[in-house]
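[1] How does the following fold in three dimensions:
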Amino acid sequence: MGSFWFSLLLVLHILVGCAVIGFVLLQHGKGADMGAAFGSGASGSLFGSSGSANFLSRTTAILATVFFITSLALSYFASAARQPASQSLMQGVVVPAASAPAASGQDVPK
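    Predicted coordinates:
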């Protein structure tokens, strides 16, 4: 069941990321305001003179928030799947045998 949610979140994350890219590319830059002042702007468009900028910026902010939340959720699912909660970090550490007396040239008791 966890794999299903991870896959669903991954697909949603990719789709939201592509949508963020699209909405950012649709927005006008700050240099586009000068052209809009001389009548070539979007004053007669569907959203009005400043409505499209508000719609695009709000939608981009919402999509960026969803992207951030799905990033955190994917990180949580990936870390939970990688290491069980009952396993300690020090459990897999291998301690090498002490070989100092053999290196000094002394006889090691048999």
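
[2] now the helices: where do they sit in this structure?
    Ranges of helices in the chain, per DSSP state H, are 2-26, 33-35, 51-82, 100-103.

[3] Relative to residue 93, which of those is closest?
    helix 51-82 (17.6 Å; C-beta to C-beta). C-beta coordinates here come from the backbone N, C-alpha and C atoms, glycine included.

[4] For the closest one, which helices and strands make contact with it?
    For helix 51-82, the packing partners by 3 or more C-beta pairs under 8 Å, 6 or more residues apart in numbering; DSSP states H and E come out as helix 2-26.

[5] For this protein, which residues score under the pLDDT cut-off?
    1, 30-52, 83-89, 98-110 (pLDDT under 70).

[6] With distance to residue 91 and mean neighbour count as extra columns, can I get the helices of the chain in CSV?
    Below are the helices of the chain laid out as CSV (distance: least, C-beta to C-beta, whole Å; neighbours: other C-beta atoms under 10 Å):
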stretch, distance to residue 91, mean neighbour count
helix 2-26, 23, 13
helix 33-35, 61, 11
helix 51-82, 14, 14
helix 100-103, 26, 9
